[in-house]
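structure for this input, please:
(2 chains)
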Amino acid sequence: MYDFAYQKPASLADAVKALGADSEAKALAGGMTYIPVLKQRLAKPSTIVDLSGLGLTGITVTGGTVTIGAMTTHVAVANSAAVKAAIPALAALAGGIGDEAVRHRGTIGGSIANNDPAADYPAAALALGATIKTDRRSIKADDFFTGLFSTALEQGEIVTAVEFPVAAKAAYEKFRNPASRYAIVGVFVAQTSAGARVAVTGAGQGGVFRHTAMEAALAGNFSAAAIKGVTTSPADLNGDIHASSEYRAHLVGVIAGRAVAKAG
Amino acid sequence: MPQVTLTVNGKQHTVEVENRTLLVEVLREKLALTGTHVGCDTSQCGACVVHVDGVSAKSCTMLAVQAAGTSVLTIEGLAAADGTLHPMQEMFREHHALQCGFCTPGMVMSAIDLVNNHPAGLTEQEIRDGLEGNLCRCTGYHNIVKAIAAAHPLMHAKA
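The predicted model follows:
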């Protein structure tokens, strides 16, 4: 690991200032992705700005919205009685990320901001139509995830919370790589006030994406049978030693069917 | 050079570190607590698991500066002062839950975290799922699972 300067600001304003002042500075949330990146010398930040002192943790459920602070850990979401009651699929997803020790440190804000193409949370945010709150604005999930490891966040912009509208039905299923346990294909389905939404992670070359053909098929009939014949083009999917793009395309249909059946 | 103050196994230490120093490097190289192992160094294997403020964490994937002000528990901190083993350690011995022993410290620390978080009981499947982040290259999982199941009632009887 290259060495760097380290700051742990006590206020959001100070953190924004520290990141804004230096384009080579990087924000650190739980570090479950970024510390391995640093260890492999894939990044050389001038300064690490640790966000753990900003108080961005906590879960609130009001009306039809679950709001999760950006620095809330996966364990906190997985174990939250409020999340389990409002959006059980979201609690289950959080409980299936990495392993327990990783879930004690990893955060929702870090996962969303990193936008790993195999990450779980981006699928939930996109399918549920979440709103990502930052230090300066609100961004719809549809506009937030812009490609592989890229988001609409500006340099130095800090995610403060993620707001999830409660869905009538929702479920997440993933087909794990047997060794790494990352999603080869993960599908989050939701019956929302804006209609059925289907988000696919692990498969797309550009990261998480919505499956509009499946959404159309589910619009009038939210059942596994409704999407049985809906195919997925392998053209824009990843193909690697773990799974070809054709295999991933097939898995999207299978896993989406399981997710819809699970949502009930 | 930055200084970090943290409590390890109940004793407070102030150590000089670089900002890039990992928690596991502080434990092993500054405090000579070499029971915490580095296996894969990529957050996969769990040989480096310790407890930070009461919950399991991979000490190879945490900066020492992030551990400032925390309380860390390592494998060396489990046994009583008179040498009486922690119930989990005793059950690992009783059930021969180790072969080469390299993964054992991380297994024990993860197992204690798992039992702490499931006071009502653990099924065999829950134990196996709970060990997702700990790899045993000897593939000696079967006796590890038995040891954890046996330690559960002992740990919760004591509490």
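
stretch B:106-119 and chain A in contact?
Yes: using CB under 8 Å from any CB of the partner chain, stretch B:106-119 reaches chain A at B:Ser110, B:Asp113, B:Leu114, B:Asn117. Every residue, glycine included, has its C-beta placed from N, CA and C.

what segments of chain A are helices?
For chain A, applying DSSP state H gives helices covering A:12-20, A:34-39, A:74-79, A:81-86, A:88-94, A:100-105, A:108-114, A:121-128, A:141-144, A:212-219, A:245-263.

same list (these) but as CSV, adding mean pLDDT, mean neighbour count and distance to chain B.
Listed next are these as CSV, based on pLDDT from 0 to 100; neighbours: other CB atoms under 10 Å in any protein chain shown; distance: least, CB to the nearest CB, whole Å:
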stretch, mean pLDDT, mean neighbour count, distance to chain B
helix A:12-20, 97, 17, 14
helix A:34-39, 96, 19, 5
helix A:74-79, 98, 22, 7
helix A:81-86, 98, 16, 15
helix A:88-94, 98, 23, 13
helix A:100-105, 97, 26, 4
helix A:108-114, 98, 25, 13
helix A:121-128, 98, 28, 18
helix A:141-144, 98, 18, 26
helix A:212-219, 97, 18, 30
helix A:245-263, 98, 20, 18
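
of all those, which lies closest to B:Cys48?
helix A:100-105 (9.1 Å; CB to CB).

check which helices and strands that closest one sits against.
Here helix A:100-105 touches helix A:74-79, strand B:55-58, helix B:104-117, going by 3 or more CB pairs under 8 Å, 6 or more residues apart in numbering or on different chains; DSSP states H and E.

if we can go back for a sec, the helices of chain A into TSV, with extra columns for distance to B:Ile144?
Formatted as TSV, these follow (distance: least, CB to CB, whole Å):
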stretch	distance to B:Ile144
helix A:12-20	42
helix A:34-39	26
helix A:74-79	22
helix A:81-86	29
helix A:88-94	26
helix A:100-105	15
helix A:108-114	30
helix A:121-128	31
helix A:141-144	41
helix A:212-219	42
helix A:245-263	31
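
closest one to B:Gly101 among these?
Checking the helices of chain A against B:Gly101 by CB to CB gives helix A:100-105 as the closest, at 19.8 Å.

and the contacts of that closest one?
In this structure, residues lying in contact with helix A:100-105 by CB atoms under 8 Å, 6 or more residues apart in numbering or on different chains are A:30-32, A:73-75, A:78, A:94-95, A:97, B:43, B:46, B:49, B:52, B:55-58, B:61-62, B:110, B:113-114, B:117, B:130, B:132-133.

quick one, what contacts B:Ala57?
A:Ala101, A:His104, A:Arg105, B:Leu23, B:Val49, B:Val50, B:His51.
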